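> sequence first, then the predicted structure, then my questions.
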Protein chains: 4
Amino acid sequence: MIIQLNKNIKPEDKNKIISELKTKNYSCSEVKTMQGNYLVAIGKAEIDIRQIGVLKGVADIHKVSDNYKLVSRKWKTDYSEIDLGNDIKIGSNNFSIMAGPCSIENEEQIIEMVKHLKANNVKIMRGGVFKPRSSPYSFRGLGIEGLKVFSKHCKEAGIKIITEVMQVSQIEDMIDYVDIFQVGARNSQNFNLLDELGKTNKPVMLKRGLAGTIDELLFSAEYIFSAGNEQIILCERGIRSYEKAYRNTLDINAIPILKEKSHLPVIVDPSHAIGIRQFIEPLALASIMAGADGIIFEMHKQPEIAFSDGQQSLNYAESEKLYKNIRKTYDFRSSLS
Amino acid sequence: MIIQLNKNIKPEDKNKIISELKTKNYSCSEVKTMQGNYLVAIGKAEIDIRQIGVLKGVADIHKVSDNYKLVSRKWKTDYSEIDLGNDIKIGSNNFSIMAGPCSIENEEQIIEMVKHLKANNVKIMRGGVFKPRSSPYSFRGLGIEGLKVFSKHCKEAGIKIITEVMQVSQIEDMIDYVDIFQVGARNSQNFNLLDELGKTNKPVMLKRGLAGTIDELLFSAEYIFSAGNEQIILCERGIRSYEKAYRNTLDINAIPILKEKSHLPVIVDPSHAIGIRQFIEPLALASIMAGADGIIFEMHKQPEIAFSDGQQSLNYAESEKLYKNIRKTYDFRSSLS
Amino acid sequence: MIIQLNKNIKPEDKNKIISELKTKNYSCSEVKTMQGNYLVAIGKAEIDIRQIGVLKGVADIHKVSDNYKLVSRKWKTDYSEIDLGNDIKIGSNNFSIMAGPCSIENEEQIIEMVKHLKANNVKIMRGGVFKPRSSPYSFRGLGIEGLKVFSKHCKEAGIKIITEVMQVSQIEDMIDYVDIFQVGARNSQNFNLLDELGKTNKPVMLKRGLAGTIDELLFSAEYIFSAGNEQIILCERGIRSYEKAYRNTLDINAIPILKEKSHLPVIVDPSHAIGIRQFIEPLALASIMAGADGIIFEMHKQPEIAFSDGQQSLNYAESEKLYKNIRKTYDFRSSLS
Amino acid sequence: MIIQLNKNIKPEDKNKIISELKTKNYSCSEVKTMQGNYLVAIGKAEIDIRQIGVLKGVADIHKVSDNYKLVSRKWKTDYSEIDLGNDIKIGSNNFSIMAGPCSIENEEQIIEMVKHLKANNVKIMRGGVFKPRSSPYSFRGLGIEGLKVFSKHCKEAGIKIITEVMQVSQIEDMIDYVDIFQVGARNSQNFNLLDELGKTNKPVMLKRGLAGTIDELLFSAEYIFSAGNEQIILCERGIRSYEKAYRNTLDINAIPILKEKSHLPVIVDPSHAIGIRQFIEPLALASIMAGADGIIFEMHKQPEIAFSDGQQSLNYAESEKLYKNIRKTYDFRSSLS
């Protein structure tokens, strides 16, 4: 059960609601975000919600039969919109393109890429500075110094940054230079990291785990929301299967299902979801028709010499074709009844 | 290596080619279909193909590095087209819609459905009369008598039939009443059945196995082709994964990959690939953008009382909306550069 | 519900039971095997089984809540034993070793192998004469003539034969030369084949599908039993997973679960379940401790020149060590409380 | 390539080796553990290792073709032994039993359990105080205060503690109260956590990811070793598969493969690997025969009222039977040739 509280509810009124719920064997979690003020009440007994609804300070009240609560569309049927400022928004009636290199490699690369994105009206740039790598001997990214340079050029150009955060201690250092924190697939159930990101006021894009279930993804999002941050973006990036003809299996089924179950925006990452450059475009367009709110993909001026993920990065010309076709496809989808 | 032979090659010329290849340690399979006359030569030695190319009776010759040969696009770069007659074609520049019930239940159902399909200009009707069921105690279909009634009404309406064949002994009984034989997921590697269907002159739609690889699907198609029948349609119908939120995982990656690897048409079955009625449409449209040559789906006048698969069957109104959106999406895809 | 009938039940008594059940909306399947005479009654209503139990001709009656019925341990709590004659038995308090080549290659191979098995007191020889192969261009086995030679030498030596049957039409040709029909993983849901094998009086070893569930395996066994043959052996041979370090994943969990759910013997095939020669022994011994009733494995005099599966075949010396350790491990398991 | 350095190598000698390798385009990572002093050199050129072997300060030198290096058995063919003090050792010729509750619930539980373990000569107790839970609303453990009480009673009884660490900031708080840090399946690729644990001097048990590959597990172990800690234990705890009859699929294949590839001890967790109480014992005994160096399992005085994982926890009587059979089975395995 989710109880939306009035913004200025008095502490004694809130306590009264909580103690009333306690008498019915419901435990309460208080959640305060920039957008709202909630109680999440968990219990088994049947309750007549009107008994709670009439209490002082209650704005609205919803039964939610799902195990995750705040991220469920059972109580918030309208899709959430995330505002990055400068009229750049994600979710609801917006469609987002996020492009950039797997890893930030040097300043020259950033300058060129920013120019390319600006020329193509792409508003969000991806680029890793902390790289989770299977092997400890692989390139692990330029780190915080790289991020500062990345940020400087993007700010000048009015482009927003999405980049991966790998651990709690990085949050403080990164927060001034980041517009969206990305949680990678390997950290999809790093609950401490999710808790801490829930205490920030920056949007978080949460990738599905390597073999994560749809429910696990929504539960992980619930961690962030219940810790106080409701600016959450879900990302489908392919799941692990038995098939060896490609890198991961894009779970296209997950897109309409996530849009049914949750009010959060769903972004698709076709680069990791197939891992083969020439198939990024058909997967991106397919994902749009399945209901995606945006596409994030990897690009590089010269994919063949990229520090990482070159085999799945598009070059500039391929990217320009993709922007165009993504936009046409989103317009086409919007035209369907 | 595939050697295309002249249609009227003399036996002695063919034998000369075969013996020439034998001297180079290549073994040959002769394949004669309605469309062509081939030798598939398998061996390890490096051959200068011009030495074979100059022999009498050779029309063309191609190296094929894939393990499957005849179904590969390495030698036949143009996509194959299958002609069902009455100007109904599958593959290449055609888009196919196949709709109908999971199981044929009775004559009245057929009559109504045929009328519905005709009204909506749908040219191919699906409907099972032999049903593979996990449990021996489930409804197993109306059998050959059901097929005859099914066929009668479709022929009158100019509608083609696709229906599943489960075993070799059914082929002879079914062949006069069927336009496309369907091989189900559970028989995807029933090699004897594939061999025998390869000896017929009817098109065969081959479903991917429950957890079949892309390579296994192509190898199974190779069985049919190498037995003499090149009218083969591949069908992606979802694969088995760990996710429990739906029935199967539609492998959208497989669509562009199959279109890259093989010249055969690729049809997608969103009904089995997700198993939930309300998500059939987004998956169908996504599959088109990924490159599918057609969609096959389950429908029923009253899904809630269907003998089987009701939870994934569309009703008539939903189907009509889907036909429209499928057609618009295919036109849209064709308009993209 | 399973109703065990008296062996000599009069037709009118049986009909009375069936019509009594029909009045309660239960449909009945009659099953007559060499061992027994059953009615499998499927319905939803609650029935007081004593009302049926008192009818003439009823020997015993059991509620079975599983979806599969005859193969369930819910009605037959004692494990089944299969008698191959000559005091060679499978299941219950017997432990079976089945060894032999992947493919029968020639008579000399058979003669040598039979001698080796006899010297090591191994009573059941495996060897394929019809080989399901992914590629149509691979060696497909020596066929029925190979089987006849195989049978001749085994009969002389008192060794039983287990070999794969791939299609219905082979059953009649093979039946005189086979002691156990093997159904391969790719045919695990070839329901027509299962039905026909159910009409024979030869034991059938049913392999789990490539990615078959435990329930699907038991349902497939139910096909055989309900068609009239209760001499069924289940075979765990590894399942398909995402891991690439080996061929298949031996599902060791399945062993105790199958022994809990079903009264049928469970044989494990470590050769296919890992596909790497040096690990066959630890997997075989592990399977015994998990509750297996037997081990089937591939061997070859010179694995490096085997026609197929050489990489997972043991040579004679390795096999002899394995026989010894298998037997010691089974004795050890039997000694535990 | 791994270069073992003399313990007291002079900095100038080490630098000379590094610069010599640099001239051959090899990059070096220095690794200093309590046991040794290594250079891990990564490069592509063929090197005559004798040229490096003769340099001052080099104790030994090994080519390692695997992508992971320090955890490979290619250079350290003898199995590693981890000494917990008080003559309690893991790996090599030791067999370990680790038992205890999923979660530490209260002091009384600890006192009773310690008594039970001492009475049964079990030397290592498991018990979670920081619990990774899919849902933020589930019980997340007693935290550091719980650990202190846990530690007090175990120290008095001479029992070692293994417990899960979830994030970097917990390490410092926990280190005095822990004998083995456990890294859970969800953190198996939390590289920052692995790095930091690599800087401690406490043994680390690393669980395989939910759907982690064998290579990923070894790479994660390489993180810990290369950061300076070679006291690493690998843990197989079941992988995610399509099968729904149980919680996870115990990957029994992984046991002999890990023992072949790596010198690190391999512990098996049958509780999580099947999730059903009655099947823990057969899986534990099977794992021993497959080569495991130890078993970790969940127990509870009254599983039916456990805070978490009750369905897979053994009670005291079941645990006592299991200790006995584990020990007999290990002795039996040791007796085999």
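Nice, thanks for sending it over.

> next structured bit after the host helix or strand of A:A59?
When elements are defined using DSSP states H and E, A:A59 is found to belong to strand A:58-62. Later in the chain than strand A:58-62, the nearest helix or strand by DSSP H and E is strand A:82-83.

> note down every partner strand of that next one and its orientation.
Based on DSSP bridges, the pairing partners of strand A:82-83 within the sheet are strand A:89-90 (antiparallel).

> model confidence over the strand it pairs with, on average?
Strand A:89-90 shows an average pLDDT of 98 in the prediction.

> show me what secondary structure element comes after that strand.
Using DSSP H and E, the helix or strand that follows strand A:89-90 in sequence is strand A:96-100.

> where's A:L21 relative to chain B, distance?
30 Å (C-beta to the nearest C-beta, to the nearest Å). (C-beta placed from N, C-alpha, C; glycine too.)

> next, count neighbours for the residue lying closest to that residue once chain neighbours are set aside.
Residue nearest to A:L21 in three dimensions, not counting chain neighbours: A:A41, with 5.1 Å by C-beta to C-beta, 6 or more residues apart in numbering or on different chains. For A:A41, the tally of surrounding residues (other C-beta atoms under 10 Å in any protein chain shown) stands at 25.

> part of a helix, is A:A41?
No - when DSSP: H, G, I helix; E, B strand; the rest coil is applied, A:A41 is found to be strand, with no helix at that position.

> is it true that it touches A:T23?
No - between A:A41 and A:T23 there is no contact under C-beta atoms under 8 Å: 11.9 Å.

> circling back to that earlier point, kindly export the strand holding A:A59 (C-alpha atoms) in CSV.
Taking C-alpha atoms only, strand A:58-62 is exported to CSV below (Å, rounded to 0.1, in the frame of the first residue of the first chain):
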residue,chain,number,x,y,z
VAL,A,58,-3.2,11.8,3.6
ALA,A,59,-3.3,13.1,0.1
ASP,A,60,-4.1,9.8,-1.6
ILE,A,61,-3.9,6.1,-1.0
HIS,A,62,-3.4,3.1,-3.3
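
> packing partners for that strand?
When contacts are defined as 3 or more C-beta pairs under 8 Å, 6 or more residues apart in numbering or on different chains; DSSP states H and E, strand A:58-62 packs onto strand A:2-5, helix A:49-53.

> okay, buried residues for the longest one please.
Of the residues in helix A:49-53, those buried under the neighbour-count criterion (16 or more other C-beta atoms under 10 Å in any protein chain shown) are A:I52.

> stretch A:207-216 vs chain B: in contact?
Yes - contact between stretch A:207-216 and chain B, assessed by C-beta under 8 Å from any C-beta of the partner chain, occurs at A:A211, A:T213, A:I214, A:D215.

> pipe those residues into a markdown table and attach secondary structure and pLDDT per row.
Converted to a markdown table, these look like this (DSSP: H, G, I helix; E, B strand; the rest coil; pLDDT from 0 to 100):
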| residue | secondary structure | pLDDT |
| --- | --- | --- |
| A:A211 | coil | 97 |
| A:T213 | coil | 98 |
| A:I214 | helix | 98 |
| A:D215 | helix | 97 |
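
> JSON lines please, covering the residues you listed and showing neighbour count and distance to chain D.
Listed next are these as JSON lines, based on neighbours: other C-beta atoms under 10 Å in any protein chain shown; distance: C-beta to the nearest C-beta, whole Å:
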{"residue": "A:A211", "neighbour count": "23", "distance to chain D": "3"}
{"residue": "A:T213", "neighbour count": "20", "distance to chain D": "9"}
{"residue": "A:I214", "neighbour count": "22", "distance to chain D": "12"}
{"residue": "A:D215", "neighbour count": "17", "distance to chain D": "8"}
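
> just give me the closest of those to A:K10.
Within these, the smallest distance to A:K10 is 36.8 Å, found for A:D215 (C-beta to C-beta).

> thought the closest one was touching B:A245?
Yes - the pair A:D215 / B:A245 is scored as a contact, 7.0 Å apart, by C-beta under 8 Å.

> A:S262 and A:L218, how far apart?
Going from A:S262 to A:L218 by C-beta to C-beta, to the nearest Å gives 6 Å.

> kindly report the same for A:S96.
Counting by C-beta to C-beta, the gap from A:S96 to A:L218 is 20 Å.

> repeat that for A:M174.
Taken as C-beta to C-beta, the spacing of A:M174 relative to A:L218 amounts to 25 Å.

> more neighbours: the two, which one.
More neighbours surround A:L218 than the other of A:M174 and A:L218, with 25 against 22 (other C-beta under 10 Å).

> next to chain D, which bits of chain A? Give me the list.
A:27, A:29, A:40, A:42, A:67-69, A:132-137, A:166-169, A:186-187, A:189-193, A:195, A:209-212, A:215-216, A:219, A:222-223, A:226-227, A:240.

> near chain C, from the residues you listed?
The overlap between those and the neighbourhood of chain C (criterion: C-beta under 8 Å from any C-beta) consists of A:A211, A:R240.

> in strands, which of the residues of chain A next to chain D fall?
Of the positions in the residues of chain A next to chain D, A:S27, A:S29, A:V40, A:I42 sit in strands, assigned by DSSP state E.

> please indicate which of those are buried?
Neighbour-count burial (16+ other C-beta under 10 Å) is assigned, among those, to A:V40, A:I42.

> flag the helix or strand of chain A with the lowest per-element mean pLDDT.
The element with the least model confidence among the helices and strands of chain A, by mean pLDDT, DSSP states H and E, is helix A:49-53, at a mean of 91.

> that helix: how far from the chain's middle?
With C-alpha atoms, centre = their mean, to the nearest Å as the basis, helix A:49-53 stands 34 Å off its chain's centre.

> one more: stretch A:151-161?
Taking the mean of its C-alpha atoms, stretch A:151-161 sits 20 Å from the chain's own mean (C-alpha atoms, centre = their mean).

> and it, which residues are buried?
Residues of stretch A:151-161 classed as buried by neighbour count (16+ other C-beta under 10 Å): A:S151, A:H153, A:C154, A:I159, A:K160, A:I161.

> one more: stretch A:66-86?
Across stretch A:66-86, burial judged by 16+ other C-beta under 10 Å covers A:66, A:68-76, A:79-80, A:82, A:84.

> what is the nearest of the residues you listed to D:G275?
Where the buried residues of stretch A:66-86 are concerned, and distances follow C-beta to C-beta, D:G275 has its nearest neighbour in A:Y68, at 21.8 Å.

> the closest one contacts A:I224, doesn't it?
No - under the criterion of C-beta under 8 Å, A:Y68 is not in contact with A:I224, lying 11.3 Å apart.

> quickly list what's touching both of those two.
Residues touching both A:Y68 and A:I224 by C-beta atoms under 8 Å, 6 or more residues apart in numbering or on different chains: none at all.

> for the longest helix seen in chain A, the distance to its chain's centre please.
The single longest helix within chain A, with elements called by DSSP state H, is helix A:316-335. Relative to its chain's centre, helix A:316-335 lies at 21 Å (C-alpha atoms, centre = their mean).

> got the angle between it and helix B:316-335?
Following axes from the mean of the first three to the mean of the last three C-alpha atoms, to 10 degrees, one obtains 150 degrees for the angle between helix A:316-335 and helix B:316-335.

> buried ones in helix A:316-335, by neighbour count?
The neighbour-count check on helix A:316-335 (16+ other C-beta under 10 Å) flags A:316, A:318-320, A:322-323, A:325-326, A:328-330, A:332-333 as buried.

> those into TSV, with extra columns for distance to chain B and pLDDT?
Output for the buried residues of helix A:316-335, formatted as TSV (distance: C-beta to the nearest C-beta, whole Å; pLDDT from 0 to 100):
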residue	distance to chain B	pLDDT
A:Y316	17	97
A:E318	13	97
A:S319	15	98
A:E320	12	98
A:L322	11	98
A:Y323	13	98
A:N325	6	98
A:I326	11	98
A:K328	7	98
A:T329	7	98
A:Y330	11	98
A:F332	5	98
A:R333	8	98
